[in-house]
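> my questions are about this predicted structure, shown below with the sequence.
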Amino acid sequence: MAPFDPARQLSQRTAAVEEAAILRMAQRARDLKAQGRSIVSLTVGEPDFDTPVAIREAAKQALDEGHTHYGPVAGIPELRAAIAAKHRRENGLDYTAAEIVVSNGAKQSITNVAFSLLDAGDEAILIAPFWVAYEGIVRMAGGTPVIVPTTAAEGFKLPPERLAAAFTPRTKLIIINSPCNPSGAIYSRGELAALASVIAAHPSAMVLSDEIYEYIAFDGIPASFAAIDGMRERTITVNGCSKGFAMTGWRLGWSAAPEPVAKAIGKVQGTFTAGANPFVQRAALAALEGPRDEVEAMRDQYRRRRDLVADRLRQMPGVGFDPPPGSFYAFPEVSRLLGRRDRATGATIATVDEMCDWLLAHHGVATVPGSAFGDPACIRLSFAASEADLDEGLTRIARAFAGLAG
Ligand code: PLP
């Protein structure tokens, strides 16, 4: 029998997408741990807290009540109404329940949006550094990512002139992620309004506003792009339960969009999957309608850890770092350390990819290279880790960097 030939037998669509560096680093860290090495992993993008009890109880009750069957593709009406109410109450957004589509995680919502808006060759503007999955999703949907860089000196936020310069007649989508993974940047209302004034001049482009880290913001609720004058009809707001409620494994997210777009999103979801898990939807209802004290307690812990990470990173010569206003990621700039030689091994660390490989192999600490997020000057550390792990991980990083000559 002829051997399997990926080039002939797999779709070009799958070949166009690479394995995510985050998953690769996380797997390498697990492999080394399994070999008995002491490894501190600061790679994962998920809360280390358990889902609050009341939410788990709501799921158990829904299971016992028999909510285990197919439901409506766009979600159960009670949850869609609760999401609309949440947006009104917390974000100043006026969506009807018919404009909400509940999905198996925000990632599916983003995929639904890409498949709803993009035809082959259409362009999607991604603001680097960006969540790595956007690029693969856009490519799988047939679109072309157009990557626009920002710098640490800009607070990793896109100036309107650079957005204006990135538009072409093929631009169909702009993804704004505030608070941002990996930089933690949050756009103020004024900064969003400045971007909106550019977008207003390009009526065939829509904005996907990914607000999944909304509850992990340290200075109040971040502004929503759809709340900017004139932008409601131009925006799809994506959010979900994963990060704020520590519900990553439950897979529950949503999109909120003008009704014709919401209908298209529902059509895509109905084609690929179906409605989200019905007992998880009832747990999400309990999350959204319940008190926020546990969400706030988790955020307070993230803030403490951010301050701990900031204190340590700032003491490392050659590392540039401003504490992020949101998310649970630190994205220090390490470009001044590149090109230096490790005194212990004699190896020169030329890129952030080499730096992360070296930190893991020789110092037992797993991080993710910024190149995975479109920024080759930085590395990402997740502080969704215990204070003990953070302390040990940062001690190892400091020791590693101190061993670089030059
Ligand atoms: N958007 C961003 C920016 C993320 O970092 C993540 C997860 O890491 C997601 C969306 C996906 O969230 P979900 O778990 O709801 O699919």
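Cool, got the structure. Numbers count the residues shown, from 1 in each chain.

> not counting sequence-adjacent ones, nearest residue to residue 120?
Leaving out its chain neighbours, the residue that sits closest to residue 120 by C-beta to C-beta, 6 or more residues apart in numbering is residue 142, at 4.2 Å. To be clear about C-beta, it is placed using only N, CA and C from the backbone, and glycine gets the same treatment.

> was I right to think that neighbour contacts residue 117?
No - applying C-beta atoms under 8 Å as the test, residue 142 and residue 117 come out as separate, 10.7 Å apart.

> neighbour count winner among those two?
With neighbours defined as other C-beta atoms under 10 Å, residue 142 and residue 117 compare such that residue 117 has more, 23 against 15.

> against the ligand, how distant is the more buried one?
17 Å (C-beta to the nearest ligand atom, to the nearest Å).

> now the host helix or strand of residue 26: average pLDDT?
Here residue 26 is covered by helix 21-34, with elements defined by DSSP states H and E. Helix 21-34 shows a mean pLDDT of 86.

> quick one: list the elements packing against it.
Where contact means 3 or more C-beta pairs under 8 Å, 6 or more residues apart in numbering; DSSP states H and E, helix 21-34 is packed against strand 40-41, helix 352-363, strand 365-366, strand 368-369.

> one more time with 10 Å, if that's ok
With contacts defined as 3 or more C-beta pairs under 10 Å, 6 or more residues apart in numbering; DSSP states H and E, the packing partners of helix 21-34 are strand 40-41, helix 352-363, strand 365-366, strand 368-369, strand 379-382.

> any idea which of the ones you listed gets closest to residue 297?
strand 379-382 (18.9 Å; C-beta to C-beta).

> residues in contact with residue 254?
Applying C-beta atoms under 10 Å, 6 or more residues apart in numbering, we find residue 254 in contact with 74-75, 79-80, 83-84, 86-87, 100-103, 105-106, 108-109, 237-241, 265, 276, 284.

> those in strands, which ones?
Among those, the members found in strands (DSSP state E) are 100-103, 237-240.

> going by distance to residue 201, which of those wins?
residue 237 (21.5 Å).

> and for the residue of the chain at minimum distance from the ligand, the neighbour number?
In the chain, the residue found nearest to the ligand is residue 105; the distance is 2.9 Å by C-beta to the nearest ligand atom. Taking other C-beta under 10 Å as the criterion, the count of residues near residue 105 is 21.

> which secondary structure elements does the longest helix seen in the chain sit against?
Scanning the chain for the helix with the most residues, using DSSP state H, yields helix 293-314. Judged by 3+ C-beta pairs under 10 Å, 6+ apart, helix 293-314 is in contact with helix 53-64, strand 329-330, strand 379-382, helix 387-402.
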